[in-house]
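Q: Got a sequence here, can you build the structure:
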Amino acid sequence: VQLVESGGGLVQPGGSLRLSCTASGFSISSYAMRWYRQAPGKERDWVAGIGRIGPSTFYQDSVKGRFIISRDNAKNTVNLQMNSWKSDDTAVYYCSARSLTGTEYWGQGTQVTVSS
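A: Next up is the predicted model:
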């Protein structure tokens, strides 16, 4: 069972970046998927979530209107499109998969940093 995030890197203020999280060893179709982030010196915070049945999405207020979470169950992947990037968005981004029974899997994280 594994979740692997990709797509991290440098982003200019106002720019865009797309993160992906690909699962192996299980099907994400039975899991609610979430993105979290952890900035230096801060706790890990929830950023966005999407239900098992795609259309239900949820966002932290600070990213609402800028970030878009989506899932492709056929590709076993969840994505996070990040637009209108701000320096406060700099963090390590993690994806998680949570089942109805509470089982949760985590990825190793991908760093996204604002570029000057």
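
Q: Output stretch 62-74 as CSV - backbone C-alpha positions only.
A: Below are the C-alpha coordinates for stretch 62-74, written out as CSV (Å, rounded to 0.1, in the frame of the first residue of the first chain):
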residue,chain,number,x,y,z
SER,A,62,-7.5,30.1,2.9
VAL,A,63,-7.4,28.1,-0.3
LYS,A,64,-11.1,28.3,-1.3
GLY,A,65,-11.5,29.7,-4.8
ARG,A,66,-7.8,29.1,-5.6
PHE,A,67,-7.2,25.4,-5.2
ILE,A,68,-9.2,22.6,-6.9
ILE,A,69,-9.1,19.0,-5.8
SER,A,70,-10.1,16.3,-8.2
ARG,A,71,-9.9,12.5,-8.4
ASP,A,72,-9.6,10.0,-11.3
ASN,A,73,-10.5,6.6,-9.8
ALA,A,74,-9.6,4.9,-13.1
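
Q: Torsion angles phi and psi at the spatially most central residue of the chain?
A: By CA atoms, centre = their mean, the chain has its centre lying nearest to residue 35, at 3.0 Å. Per-residue torsions, residue 35: phi -110, psi 140 (degrees, to the nearest 10).

Q: What are the contacting residues of stretch 99-115?
A: 1-13, 17, 19, 21, 23, 26, 30-32, 38, 82, 85-87, 89-98 (CB atoms under 8 Å, 6 or more residues apart in numbering). Heads up, the C-betas are built off the backbone N, CA and C, glycines and all.

Q: Pull out the buried members of those.
A: 3, 5, 7-8, 11, 17, 19, 21, 23, 26, 31-32, 82, 85, 89-98 (16 or more other CB atoms under 10 Å).

Q: in stretch 95-111, what's buried?
A: Result for stretch 95-111 [16+ other CB under 10 Å]: buried residues 95-98, 105-107, 109-110.

Q: quick one: average pLDDT of it?
A: In this model, stretch 95-111 carries a mean pLDDT of 95.

Q: Can you check the distance spanned by it, start to finish?
A: 12 Å (CA to CA, to the nearest Å).
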